[in-house]
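> My questions concern the predicted model and sequence given below.
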Amino acid sequence: MGKKELSALFSANPDKYYKVALFDKVGFQRYKCIQCAKFFWSLVDRTSCPDHEAYGFLGNPPTSKRLDYIDAWKEVKAFFRSNEHTIVNRYPVVCRWRDDLYYTIASIVNFQRVVENKVFFELPANPLVVPQMCVRFNDIENVGLSGRHYTTFCMIGQTCDADAEGGYWKDRCIDLDYQLLTKILGIDPAAITFVEDVWMGAGAFGNSLEYFVNGLELGNAVFTEFEGNENEYRPMKHRIIDMGAGLERFSWITMGTPTSYDCTFGPVINEMMSKTGTALDKEILGSYFRYVSNALERTEVDLRTLKSTFVKEMKISFEDLNRIVNPFEAMYTIADHTRTLLFAISDGSIPSNVGGGYNLRVLLRRALAILERLGWKFDLADIADIHIGYLKRMYPELEEHVKDVRTILQIESNRYLGSKERMNSITSSIKGKKESLSVDDLIRLYESDGITPEYLMESGAIESIPQAFYARLSELHESHQPTHNLKPITGIEELQPTRLLYYEHELMTESDAKILAIVENKYVILDQTIFYPRGGGQEPDTGDIEGTKVLDVTKQNEIVIHKVGSSRGLLPGKKVKIRINPRRRDLITKHHTSTHIMNASARSILGPWVWQNSAFKDEGYARLDITHHSSLTREEIEGIERAANRVVRQDSPVLINTFDRIEAERNYSFRIYQGGVVPSGKVRIVNIKDWDIEACGGTHVNRTGEIGLIKIFRTERIQDGVVRLEFVAGEAAIDYVEKQENQLNAISRVLGASKEKVVESLRRSVDEADETKRKLRAVMRRTLPSVMNSIFKDAKVISSDGIKLFSIHDEELGEDYYISLGETATQNDPYLIFVALIGKGQGVRVITFVGELARKRIKAGDIAQRLSLNLGGSGGGNDAFGQGGGKFKQKIRETISSLEEMISQTIGR
Ligand SMILES: [Zn+2]
Ligand SMILES: [Zn+2]
């Protein structure tokens, strides 16, 4: 059974599912649409449902009030508040509480928690209304052009648990929505239609009533009352009202402007008009967008086709239409994209290759490409500021992030501009080839050159974007955490959950336990354990069970599994002594707690977009990967380390408490999910006082002072959008500092300078070395003529056509000297073969040059190769120059004496 069958099932029993008290009270009648057979309710006789109706409100709003975006929300808020609803602040647009979603796509998502594929509804108040900003990327190509598509829109979420205190069901829900339309907005009841529909969500569904006014769908009231799927379901104990209405549309119906953008973006469009000097042809623009809105509402048509029918009807040229309309489409698109970036960045996401960051990058690059195409020179960050100035009356939190948003937009814009030239040349070479690109090609272009398929499409290099691209991309960027226990161990399902003593008594290093089972002679299951199993990036404890070494510890569901080399001597039912390695546990615990401190330090120094991407905590060091846009500077690294050590010195308490999830989220926000979503109703909250709060199941120190010291020893930008911090804490940090100091001592001994003067002394040595090299070059220049003369004199003619060989063995002057010498000498004498064997430490370096005429008979590279071979090494080179070397210093003499013979054999006498 699919949606259609369900719909038929509900519609077969309209009195039970759809008829609400209001319909009887006011006189709504049920009709069947002659065009699509849908059922709907109306006060006046109608043959068709509003799906087929033109937008009657354009230029002629049916309301008594004219409300812009913010004022529309004020009216809605006041209305629901006066009807006992709690007004809840919006949730982040970045959906941190669901691991199946990057972004909040609907208001109900705020209140859904998924545990083992089952959806739970958790409402922070009952009933409630939330102005939820929702982000969707599915209609991106219509945004700015259709008059009503957005990548971000505000969903007014009227939400209620029907079966909890304060709850209501269908009758009151529709009654309230009807009052809002008629009493507050002043809409004539005859203009309102309710259409019967069905809504299916994650693991729950119900019937719904969509309400329309003059052809515009304003809201959809979903009555979620069944859980399961369409084939197997049962009534929910707590039925949920989920009414979602677009605030953009509420404002639009009261204003009747040609597009919904005109009343949504406040002063943004006007400001852009004055920045770009765009003129407004109200008549053409208005009739064009009214035409588009109506056409799109009735059928699915391509916008290009629409334009060509419009120019025919209006008897204007394409050029004139484009001149008037294109700048507005551009401004609407830029306004939308900037607004989405504003919310997403404020809520802690950045354009990147990681997760939903990809979509943000696409938006930003689309907006920049439009600016470029139209030759507009304004800053997107300025547009974001105008949005903030307007929206802060509704979302005051946006103002806190003015600077952050500006920073990110500028970094990304510069990156785009920096790579544009290369992108253009790659795109035009693709266009030249006329070959179609595979998904692999697209991935490679994106990964290595940062060229998105959206960009390729807009520049005409490809026709469309294959869906497989996005699937492959997200596959590639899923985090691949190493799984150590791939194959689940069978035969332990019936055992009782292991009692976790490491939570009850964190400092316990020895305990008694009883063996419950031994599987495959190497997996030991106990009734209780002090061994922390691998999890949450924390490495497991080691130790022993009655003297038998524990090699690894993992957790499978509720059961801790101790892996031993051999279980000889251990028997099920036996009481045993268990011990963990206390020093290892202590170091891991310090590294683990430091990860919390470091994460918050990085956020405080870098910005709100810093989240833990992944983490690893071992005995010797810890690693924290954070989301950040650029490599770290020296100052940033020092700042992060200093902030972390300040928290250590403050000796702040580390408080651990378990909360109901809803309470934890309310008290501490979604920041708690640094390590990902917690799939349970109870959350263990680790609170480092005044610094960091996270949900975490690892082991932690009691006070930050126990950590002693944190030292960052390496940072690296490991991928676009992720920076890795590696650091040591506690005794490991002390060891690290000691090692550094020993190295410094060694350097100072070599330099013969005190530690305080090491840098000064080293700089002097480097300067002196440079000076010596400079002098050597000067000496060479001056002595070269006489050295040359002696070379030419000493060179031995070895063939009838005058080829000469000069060879030398030297221990004092280095290879640089002989390279210059050989090069100059063979340039001056084209018959000369020049060979230098330079003793160097335990080995020999070989340098060979062959003059231009001699080259016809023998190659410098070949000589170098053969000599090196003789000396127990390898060498090579080209015709003119060869080099190599070997380790048999004792063979130098022998090599030189055989040299003449060897060369003569090759060139012939
Ligand atoms: Zn219809
Ligand atoms: Zn932790």
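Alright, I've got the coordinates. Ligands and ions are numbered 1, 2, ... in the order given.
> only C-alpha atoms for contact and neighbour calcs from this point on.
OK.
> what sits up against the helix or strand where Gly861 lies?
Using DSSP states H and E, Gly861 sits within helix 860-870. The set of residues external to helix 860-870 that reach it, using Cα atoms under 8 Å, 6 or more residues apart in numbering, is 846-850, 874-886, 891, 895, 903.
> got the CA positions of that helix in PDB?
What follows is helix 860-870, C-alpha atoms only, in PDB (Å, rounded to 0.1, in the frame of the first residue of the first chain):
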ATOM      1  CA  ALA A 860      78.900  11.800 -19.400                       C
ATOM      2  CA  GLY A 861      76.000   9.800 -17.800                       C
ATOM      3  CA  ASP A 862      77.500   6.500 -18.900                       C
ATOM      4  CA  ILE A 863      80.900   7.300 -17.500                       C
ATOM      5  CA  ALA A 864      79.300   8.200 -14.100                       C
ATOM      6  CA  GLN A 865      77.300   5.100 -14.100                       C
ATOM      7  CA  ARG A 866      80.200   2.700 -14.800                       C
ATOM      8  CA  LEU A 867      82.500   4.500 -12.300                       C
ATOM      9  CA  SER A 868      79.800   4.400  -9.600                       C
ATOM     10  CA  LEU A 869      79.200   0.800 -10.200                       C
ATOM     11  CA  ASN A 870      82.900   0.100  -9.700                       C
END
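> Let me know the next secondary structure element after the longest helix belonging to the chain.
As assigned by DSSP state H, the longest helix anywhere in the chain is helix 758-794. Using DSSP H and E, the helix or strand that follows helix 758-794 in sequence is strand 796-797.
> which helices and strands sit right next to that next one?
strand 804-810 (3 or more Cα pairs under 8 Å, 6 or more residues apart in numbering; DSSP states H and E).
> The helix holding Gly861 - what's its average pLDDT?
In this model, helix 860-870 has a mean pLDDT of 92.
> name the element the closest residue to ligand 1 within the stretch 151-300 of the chain belongs to?
Residue nearest to ligand 1 within the stretch 151-300 of the chain: Val195 (9.1 Å; Cα to the ion). Element membership for Val195, per DSSP H and E: strand 192-200.
> Report all helices and strands that that strand contacts.
For strand 192-200, the elements it packs on are helix 3-11, strand 39-42, strand 204-213, strand 216-228, judged by 3+ Cα pairs under 8 Å, 6+ apart.
> quick one: buried residues of stretch 665-675?
Using 16 or more other Cα atoms under 10 Å as the test for burial, stretch 665-675 gives Glu665, Ser669, Phe670, Arg671, Ile672, Tyr673, Gln674, Gly675.
> Serialize those to TSV and add fields for pLDDT, secondary structure and distance to Ala836.
TSV is the format used below for the buried residues of stretch 665-675 (pLDDT from 0 to 100; DSSP: H, G, I helix; E, B strand; the rest coil; distance: Cα to Cα, whole Å):
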residue	pLDDT	secondary structure	distance to Ala836
Glu665	89	helix	76
Ser669	87	coil	74
Phe670	88	helix	71
Arg671	88	helix	68
Ile672	90	helix	69
Tyr673	88	helix	67
Gln674	88	helix	64
Gly675	82	helix	63
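> and this structure, which residues reach ligand 1?
Cys33, Gln35, Cys36, Cys49 (Cα under 5 Å from the ion).
> My understanding was that the last one contacts Arg30; is that so?
In this case it means Cys49. No: at 10.8 Å, Cys49 does not count as touching Arg30 under the criterion of Cα atoms under 8 Å.
> Excluding its own residues, what touches stretch 110-117? List them.
Applying Cα under 8 Å, 6+ apart, the set of residues contacting stretch 110-117 is Tyr91, Trp97, Arg98, Thr104, Val119, Phe120, Phe121, Glu122, Leu123, Gly203, Pro679, Ser680.
> Tell me who's in contact with Leu473.
Residues near Leu473 by Cα under 8 Å, 6+ apart: Ile443.
> hmm, back to that, scan the residues of the chain next to ligand 1 and report the most crowded one.
Cys49 (24 neighbours; other Cα atoms under 10 Å).
> Distance-wise, check that residue relative to Ile192.
11 Å (Cα to Cα, to the nearest Å).
> so Val44, which of the three states?
coil (DSSP: H, G, I helix; E, B strand; the rest coil).
> count of neighbours near it?
By other Cα under 10 Å, neighbour count at Val44 equals 14.
> quick one: it and Asp188 touch, right?
No: in terms of Cα under 8 Å, Val44 does not count as a neighbour of Asp188; the distance is 11.4 Å.
> When you filter the contacts of helix 860-870 down to buried only, what's left?
Among the contacts of helix 860-870, those buried by neighbour count (16+ other Cα under 10 Å) are 846-850, 874-877, 879-886, 895, 903.
> can you count the residues close to the residue of the stretch 701-850 of the chain found nearest ligand 1?
Ranked by Cα to the ion, the top residue of the stretch 701-850 of the chain for proximity to ligand 1 is Gly721, at 47.2 Å. When neighbours are counted by other Cα under 10 Å, Gly721 registers 23.
> Dihedrals phi and psi, it?
Backbone torsions of Gly721, given as degrees, to the nearest 10, read phi 100, psi 0.
> what does the stretch 201-350 of the chain have sitting close to ligand 2?
Counting by Cα under 5 Å from the ion, no residue of the stretch 201-350 of the chain is near ligand 2.
> Which parts of the stretch 201-350 of the chain are helices?
247-255, 261-264, 268-276, 282-298, 303-314, 318-346 (DSSP state H, counting those that start in this stretch).
> Using CSV, lay out those together with mean pLDDT and mean neighbour count.
Formatted as CSV, the helices of the stretch 201-350 of the chain follow (pLDDT from 0 to 100; neighbours: other Cα atoms under 10 Å):
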stretch, mean pLDDT, mean neighbour count
helix 247-255, 96, 26
helix 261-264, 95, 24
helix 268-276, 94, 16
helix 282-298, 84, 18
helix 303-314, 85, 13
helix 318-346, 95, 21
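> could I get those as TSV with distance to Lys403?
Below are those laid out as TSV (distance: least, Cα to Cα, whole Å):
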stretch	distance to Lys403
helix 247-255	27
helix 261-264	24
helix 268-276	19
helix 282-298	36
helix 303-314	38
helix 318-346	10
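> Which one, of those, ends up nearest to Lys793?
Closest to Lys793 of the helices of the stretch 201-350 of the chain is helix 318-346 (Cα to Cα; 77.2 Å).
> Quick one: list the elements packing against that closest one.
With contacts defined as 3+ Cα pairs under 8 Å, 6+ apart, the packing partners of helix 318-346 are strand 152-161, helix 268-276, helix 282-298, helix 303-314, helix 357-374, helix 380-391, helix 402-433.
> The longest one: which residues count as buried?
By neighbour count with 16+ other Cα under 10 Å, helix 402-433 contains the buried residues 402, 404-406, 408-409, 412-413, 416, 423, 426-427, 430-431.
> Now for the protein, the helix or strand with the poorest mean pLDDT.
helix 467-477 (a mean of 68; mean pLDDT, DSSP states H and E).
> Helix, strand or coil: sort out Thr658 for me.
Strictly by three-state DSSP, Thr658 counts as strand.
> got a list of what it touches?
Lys682, Val683, Arg684, Ile685 are the contacts of Thr658 under Cα under 8 Å, 6+ apart.
> Same question for Tyr288.
Residues in contact with Tyr288 (Cα under 8 Å, 6+ apart) are Phe310.
> That one and Ile411, how far apart?
From Tyr288 across to Ile411, the span is 37 Å (Cα to Cα).
> With Ser425 instead?
Distance from Ser425 to Ile411, by Cα to Cα: 23 Å.
> Wait, a helix at Ala732?
Yes: checked against three-state DSSP, Ala732 lies within a helix.
> So it sits against Gly620, correct?
Yes: at 6.1 Å, Ala732 counts as touching Gly620 under the criterion of Cα under 8 Å.
> Nearest residue to the middle of the chain?
Val354 (2.5 Å; Cα atoms, centre = their mean).
> Need the phi and psi values for that residue.
The phi/psi pair for Val354 (degrees, to the nearest 10) is phi -100, psi 130.
> What score does it have for pLDDT?
For Val354, pLDDT reads 72.
> Wait, it touches Val723, no?
No: counting by Cα under 8 Å, Val354 stays clear of Val723, with 11.7 Å between them.
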